[in-house]
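*Asks:* With the sequence up front, the predicted model follows.
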Amino acid sequence: MNLIRATLRISGRVQGVGYRNFVQQSATSFALTGWARNCTDGDVEVVVEGEEGDIRHLINCCQQGPSRAQVDKVNMSLSAHTGEFGSFSIRY
């Protein structure tokens, strides 16, 4: 099992459309941990940890988003798994 951490920055129409809830539900379904939050510039930031294959599935979900969202771009950086999260949450 290859555990990793990914930090995502999603841009487009991703605030006010249920995007963070969508990410939380998707991450939970893949047994991933971390958080999602709105950024002041209109983007959504996601930090997620877990199995690399599951994170890749989540990234595919993030590129689609919920039906009311329009995702223009997903920037991603990978780093070492830290194990600091017990679940996936939405930060405010």
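*Replies:* Ah, there it is. Residues are numbered from 1 along each chain as shown.
*Asks:* buried residues in the host helix or strand of residue 71?
*Replies:* For residue 71, the host element (DSSP states H and E) is strand 70-80. Neighbour-count burial for strand 70-80, counted by 16 or more other C-beta atoms under 10 Å, picks out 71, 74. Every residue, glycine included, has its C-beta placed from N, CA and C.
*Asks:* could you say what helices and strands it packs with?
*Replies:* The contact analysis (3 or more C-beta pairs under 8 Å, 6 or more residues apart in numbering; DSSP states H and E) places strand 70-80 against strand 3-13, helix 52-64.
*Asks:* Tell me how many other residues surround residue 92.
*Replies:* For residue 92, the neighbour count with other C-beta atoms under 10 Å is 6.
*Asks:* Quickly note the distance from it to residue 35.
*Replies:* Residue 92 sits 10 Å away from residue 35, going by C-beta to C-beta, to the nearest Å.
*Asks:* Out of the helices and strands packed on strand 70-80, which is closest to residue 77?
*Replies:* Closest to residue 77 of these is strand 3-13 (C-beta to C-beta; 5.0 Å).
*Asks:* Any chance you could list what contacts the closest one?
*Replies:* With contact meaning C-beta atoms under 8 Å, 6 or more residues apart in numbering, strand 3-13 is reached by 19, 34, 39, 42-52, 55, 58-59, 62, 65, 68-83.
*Asks:* Who are the contact partners of the spatially most central residue of the chain?
*Replies:* Nearest residue to the geometric centre of the chain (C-alpha atoms, centre = their mean): residue 46, 4.0 Å. Going by C-beta under 8 Å, 6+ apart, residue 46 touches 6, 7, 8, 9, 10, 23, 34, 35, 36, 62.
*Asks:* These into JSON lines, with extra columns for neighbour count, pLDDT and distance to residue 87?
*Replies:* Formatted as JSON lines, the contacts of residue 46 follow (neighbours: other C-beta atoms under 10 Å; pLDDT from 0 to 100; distance: C-beta to C-beta, whole Å):
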{"residue": "6", "neighbour count": "22", "pLDDT": "98", "distance to residue 87": "17"}
{"residue": "7", "neighbour count": "14", "pLDDT": "98", "distance to residue 87": "18"}
{"residue": "8", "neighbour count": "22", "pLDDT": "98", "distance to residue 87": "18"}
{"residue": "9", "neighbour count": "15", "pLDDT": "98", "distance to residue 87": "22"}
{"residue": "10", "neighbour count": "26", "pLDDT": "98", "distance to residue 87": "20"}
{"residue": "23", "neighbour count": "27", "pLDDT": "98", "distance to residue 87": "13"}
{"residue": "34", "neighbour count": "24", "pLDDT": "98", "distance to residue 87": "9"}
{"residue": "35", "neighbour count": "18", "pLDDT": "98", "distance to residue 87": "9"}
{"residue": "36", "neighbour count": "25", "pLDDT": "98", "distance to residue 87": "12"}
{"residue": "62", "neighbour count": "25", "pLDDT": "97", "distance to residue 87": "18"}
